[in-house]
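Undergrad: The following comprises the amino acid sequence and a computationally predicted model.
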Amino acid sequence: MRIQDDQLKRFILDAGLITKADIVAAEKIAKEEDRTLSEALIAHGHMTEDDMRRVESYVLGIPFVSLKDMKIDFEILTLIPEPVARTHNIIAYRKSNDTLEVAMLDTADLPAIDFIKKKVGLKIQPRLTDTDSMRGALRQYQKTLKDEFGDLIMKDAAELKVLTESGEEISEKDLKQMAEDLPVVRIVDTLLRHAIIQGASDIHIEPMEEEVLVRYRIDGILNDAMKLPKIAAGSIVARLKVLSNLKLDQKRLPQDGRFKMEMDGQKVAFRVSMLPVFFGEKVVMRLLRENRSGFSLEGIGFHGSTLDRIHRATRATTGIILVTGPTGSGKSTSLYTILDLLNTPEVNISTIEDPIEYQMPRVNQSQVKPDIGFTFAAGLRSLMRQDPDVIMVGEIRDAETASLAINAALTGHLVLATIHTNSAAGTVARLIDMGAEAFLMVSTLRVAIGQRLVRKLADDKLPYTLTKAERDELGEKVDLDLVLKTLRDEGIVKKDATWNDIPFYHPKEKGETEDGYKGRMGIHEVLEMSPTIKDMVMSDKTGDELQIQAQKEGMLTMIEDGIFKAAQGRTSIEEVLRVINE
């Protein structure tokens, strides 16, 4: 149920919250902008969102609850999975025998209420709350592993028995028994589940001289999560080997495996790498969230001219689209998003990947297996006989794969691939180094997309304006005039705005999040093969010269795209410079 404009107007006037003149002005704006009266009042600063919620609470008779400084029982809080709580701004805070009370910012969000009702099997009583209460409650999901599970893990670790203290080799049978013991099962399950809750991309389990260090990579930054007794190392590694179907008694050679688990309806695949180190075996697991869909190019950070260039390339039925950047820069996500756009009933799409990170319906995905000769090159050669319209190659690593990809594009296919270089312009030089013929490459390459991932600012960021000295210093690395022009052209700022009018933001540490950041997004540069750039490639010009020409033709560099997004308040300048200078 939502408050009607007439109800809202009567209550506000009766309560004397706003003058009649302001109400009349807001009604005019609401009509012109096709908004509700409440939206117009909020948008033009007459009332805050929290003021409006309190009015709605009174008019509609929905109880208002403040969660500030309320310590919510973790078992009740986690009745609603964190992703659902954050997406719908809904918090479970009190439970009786058959009733669950939930605090919301929008009690008209009926799909969220129905979802929670089906999940917990209880009667749901919605309550309105304010933004600060919601932020504080959501922070309670973000406990450290030690705070949340420390006692449990240490108790379980203490229960682990040392099967031998003489240094003798433990038999495979004994190792398997260790892996099945209840304490180690609970420890490993807890470590994995907490990594999923925290949104980690990688888990590192590192044996030290006297302890085992567990670290999570969250938003691209490694964080210490937990220290375990040294006694737990062998059992944890054995448990992960059992899950990954690896050899338990092989400790002197690296091993790679994979397993899956499901949590709150989310399927996650763990890609496992084990490496012998001085104090035992180090384990690194990459978390791959499967069946991810709903990505859009705009949603992952493309905009304006960069977006237009990619759309032009995807409308072509032949050619190559290359995505470049270091490991962990989001290349696969960009490729899958483009594939999602191309994935229509009349198109046959085949991929050759290492590994298959996301499973996509109607796409024929193959996993390379170099140990049996099924390499990217061999797979690509086979795919050509499968009558594909679109081919995705996980990575161009060698001359043979590069040659086959170019030939595939020449023979009527659209090819998507990744390649390791530092910039979009550097892809051309890299392909030529691999032996690609320049005249064939300029005939096939549509766009080269360079990218990095930057952390997004949390909502409680701190505004500031660049001083002239800061602008001058930044201007040595960035074409600030081009960035400002792009901001104006895309309607982000007013046509007459200057840098003095545009706020930037610092992260607020120890606020909504520990470091002031939450989530990541891409910053990009998209080099399109214009006639001039094609001529330069044929004339054997360097990557730097190609970059200069691309910038003359309007290409935003990655750092400029980062400053553009910092000016939108989505990230910080220091974060952009950190990523670009790495």
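TA: That came in fine, so what should we check first?
Undergrad: use CA for all of it now, contacts and neighbours both
TA: Noted.
Undergrad: Quick check: Phe115 is in a helix.
TA: Yes - the assignment for Phe115 is a helix, going by DSSP: H, G, I helix; E, B strand; the rest coil.
Undergrad: buried sites along stretch 351-363?
TA: Thr351, Ile352, Glu353, Ile356, Glu357, Tyr358, Met360, Val363 (16 or more other Cα atoms under 10 Å).
Undergrad: Just the helices from the stretch 201-350 of the chain, written as ranges.
TA: Under the criterion DSSP state H, counting those that start in this stretch, helices of the stretch 201-350 of the chain are mapped to 233-244, 304-315, 331-342.
Undergrad: before we move on, back to that, the buried residues of stretch 351-363 in strands, which ones?
TA: If you go by DSSP state E, those have Thr351, Ile352, Glu353, Val363 in strands.
Undergrad: tell me, how many neighbours does Val59 end up with?
TA: Applying other Cα atoms under 10 Å, we find 15 residues neighbouring Val59.
Undergrad: can you check Leu105 too?
TA: Leu105 has 21 neighbours, counted by other Cα under 10 Å.
Undergrad: The one 10 residues further on now?
TA: Using other Cα under 10 Å, Phe115 has 13 neighbouring residues.
Undergrad: circling back: quick check: the farthest pair among the ones in strands among the buried residues of stretch 351-363?
TA: Glu353 and Val363 (12.2 Å; Cα to Cα).
Undergrad: Most tightly packed of the helices of the stretch 201-350 of the chain?
TA: helix 233-244 (a mean of 22; mean count of other Cα atoms under 10 Å).
Undergrad: hang on, the earlier thing: with pLDDT and distance to Pro207 added, can I get the buried residues of stretch 351-363 in CSV?
TA: Converted to CSV, the buried residues of stretch 351-363 look like this (pLDDT from 0 to 100; distance: Cα to Cα, whole Å):
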residue, pLDDT, distance to Pro207
Thr351, 95, 37
Ile352, 94, 35
Glu353, 91, 31
Ile356, 82, 29
Glu357, 79, 28
Tyr358, 79, 31
Met360, 86, 37
Val363, 93, 40
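Undergrad: In JSON lines, list those residues along with distance to Gly475.
TA: As requested, the buried residues of stretch 351-363 are exported to JSON lines (distance: Cα to Cα, whole Å):
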{"residue": "Thr351", "distance to Gly475": "42"}
{"residue": "Ile352", "distance to Gly475": "42"}
{"residue": "Glu353", "distance to Gly475": "41"}
{"residue": "Ile356", "distance to Gly475": "41"}
{"residue": "Glu357", "distance to Gly475": "39"}
{"residue": "Tyr358", "distance to Gly475": "40"}
{"residue": "Met360", "distance to Gly475": "43"}
{"residue": "Val363", "distance to Gly475": "45"}
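Undergrad: Looking at these, spot the one nearest Met529.
TA: Of the buried residues of stretch 351-363, the one sitting nearest to Met529 (Cα to Cα) turns out to be Thr351, at 24.4 Å.
Undergrad: The closest one contacts Ser366, doesn't it?
TA: Yes - Thr351 is within contact range of Ser366, at 5.9 Å (criterion: Cα atoms under 8 Å).
Undergrad: Tell me where the chain is predicted with low confidence.
TA: Residue ranges of the chain with pLDDT under 70: 1-2, 44, 142-175, 178-179, 182, 264-265, 291-295, 582.
Undergrad: Looking at it, which helix is longest?
TA: Determined from DSSP state H, the single longest helix within the chain is helix 182-198.
Undergrad: Buried residues, it. List them.
TA: Neighbour-count burial for helix 182-198 [16+ other Cα under 10 Å]: Pro183, Val184, Val185, Ile187, Val188, Thr190, Leu191, Leu192, His194, Ala195, Ile196, Gln198.
Undergrad: Export these to JSON lines and append columns for distance to Asp481.
TA: Formatted as JSON lines, these follow (distance: Cα to Cα, whole Å):
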{"residue": "Pro183", "distance to Asp481": "60"}
{"residue": "Val184", "distance to Asp481": "58"}
{"residue": "Val185", "distance to Asp481": "58"}
{"residue": "Ile187", "distance to Asp481": "54"}
{"residue": "Val188", "distance to Asp481": "52"}
{"residue": "Thr190", "distance to Asp481": "51"}
{"residue": "Leu191", "distance to Asp481": "48"}
{"residue": "Leu192", "distance to Asp481": "47"}
{"residue": "His194", "distance to Asp481": "45"}
{"residue": "Ala195", "distance to Asp481": "42"}
{"residue": "Ile196", "distance to Asp481": "42"}
{"residue": "Gln198", "distance to Asp481": "39"}
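Undergrad: Out of these, which comes closest to Val65?
TA: Comparing these against Val65 with Cα to Cα places Gln198 closest, at 27.0 Å.
Undergrad: Relative to Arg217, how far out is that closest one?
TA: According to Cα to Cα, to the nearest Å, Gln198 and Arg217 sit 10 Å apart.
Undergrad: just Thr486 next, same as before
TA: Distance, Thr486 to Arg217, using Cα to Cα: 33 Å.
Undergrad: ditto for Asp479
TA: According to Cα to Cα, Asp479 and Arg217 sit 33 Å apart.
Undergrad: Which one of those two is surrounded by more residues?
TA: Neighbour tally, Asp479 and Arg217, criterion other Cα under 10 Å: the higher count belongs to Arg217, 19 against 16.
Undergrad: Now do the same contact list for that one.
TA: Ala200, Ser201, Asp202, Ile203, Asn223 (Cα atoms under 8 Å, 6 or more residues apart in numbering).
Undergrad: Any chance of the residues you listed in CSV with distance to Asp398 and neighbour count as columns?
TA: Listed next are the contacts of Arg217 as CSV, based on distance: Cα to Cα, whole Å; neighbours: other Cα atoms under 10 Å:
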residue, distance to Asp398, neighbour count
Ala200, 31, 22
Ser201, 28, 21
Asp202, 27, 22
Ile203, 30, 24
Asn223, 35, 14
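Undergrad: how about those in CSV, adding distance to Arg258?
TA: Formatted as CSV, those follow (distance: Cα to Cα, whole Å):
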residue, distance to Arg258
Ala200, 17
Ser201, 15
Asp202, 13
Ile203, 14
Asn223, 23
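Undergrad: hmm, which two among those are most spread apart?
TA: Ser201 and Asn223 (11.6 Å).
Undergrad: Give me the common contacts of these two.
TA: Counting by Cα under 8 Å, 6+ apart, the common neighbours of Ser201 and Asn223 are Tyr216, Arg217.
Undergrad: Looking at the ones in strands among the buried residues of stretch 351-363, which is nearest Arg286?
TA: Using Cα to Cα, those come closest to Arg286 at Glu353, 15.6 Å.
Undergrad: Identify the residues contacting that closest one.
TA: Here Glu353 is in contact with Gln365, Ser366, Gln367, Val368, Phe376, Met392, Val393, Gly394, Glu395 (Cα under 8 Å, 6+ apart).
Undergrad: shouldn't the fourth one be in contact with Ile356?
TA: No - with contact taken as Cα under 8 Å, Val368 and Ile356 are classed as non-touching, separated by 9.1 Å.
Undergrad: which residues touch Asn223?
TA: With Cα under 8 Å, 6+ apart, Asn223 has these contacts: Arg215, Tyr216, Arg217.
Undergrad: Please repeat the previous calculation with a cut-off of 10 Å.
TA: The contact partners of Asn223, by Cα atoms under 10 Å, 6 or more residues apart in numbering, come to Ala200, Ile203, His204, Val214, Arg215, Tyr216, Arg217.
Undergrad: now Ser66
TA: Residues in contact with Ser66 (Cα under 10 Å, 6+ apart) are Ala103, Arg127, Leu128, Thr129, Asp130, Thr131, Asp132, Ser133, Met134.
Undergrad: Mind checking which of those land in helices?
TA: Under the assignment DSSP H, those contribute Thr131, Asp132, Ser133, Met134 to helices.
Undergrad: could you pull out the strands for the stretch 51-200 of the chain?
TA: In the stretch 51-200 of the chain, the strands defined using DSSP state E, counting those that start in this stretch lie at 90-95, 99-104, 123-128.
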